[in-house]
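Chemist: Sequence first, predicted coordinates after that:
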Amino acid sequence: MSPFLAKLREKVGSELIMLPSVSGFVFDGDGRVLMASHGDVHRWAAPGGGVDPDERPEDAVVRELQEELGIDVEVRGLIGVYGGPAFRTVYPNGHQVGYVIAAYGCVIVAGEPKPDGVEINDYRWVSEEELAGLRTTAWTPLVAPQAFAWWRAHAG
């Protein structure tokens, strides 16, 4: 949890807060996407996280993937911005969050994924077909098809 969010939580407790966030749909040369197992919710999703005060969302996705997986990514473009009931989460500690997620298409420019062991426990590269067999966050099935379509349109 960022210092900004921790300070906010001191004031609002576990009440619902809306948070701007980012997600990096990192694709490899075979058109597979990097999915991460998030330790707090035990579900698979594209890696990402919150946008800090005064931070550009595109910079946030680069920072989050470096922090969580130790990889440097290049942002190739915005896939879309998402929110709504499927993007609402209640964490095991009772904290309620409604996320508005800017999803970016990315590629790795340096490093090999290595989970940080705090936010991310595992990772895997999956095809669109394989993704359907994973236990994902509620929002992943809404965004992933658009991410794969975006990648097919921009991979060349």
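Modeler: Perfect, I can see it now. Not measured: the values here are computed from a predicted model.

Chemist: Can you show me the strands along the protein?
Modeler: With DSSP state E as the definition, the chain shows strands at residue ranges 17-26, 33-38, 43-45, 48-50, 72-82, 88-90, 96-110, 120-126.

Chemist: ok, and what's touching the third one?
Modeler: Think strand 43-45. Contact partners of strand 43-45, identified using CB atoms under 8 Å, 6 or more residues apart in numbering, comprise 23, 35-38, 124, 134-137, 139-140. Backbone N, C-alpha and C define where each C-beta goes, glycine included.

Chemist: Out of those residues, which comes closest to residue 79?
Modeler: Comparing these against residue 79 with CB to CB places residue 23 closest, at 8.6 Å.

Chemist: Could you give the number of residues near the nearest residue to residue 151 once chain neighbours are set aside?
Modeler: Spatial nearest neighbour of residue 151, chain neighbours left out: residue 27 (5.0 Å); criterion: CB to CB, 6 or more residues apart in numbering. The tally of other residues near residue 27 (other CB atoms under 10 Å) stands at 23.

Chemist: wait, doesn't residue 27 sit right on residue 152?
Modeler: No. Here residue 27 lies out of contact with residue 152, judged by CB atoms under 8 Å, at a distance of 9.8 Å.

Chemist: Many thanks, I have nothing further to ask.
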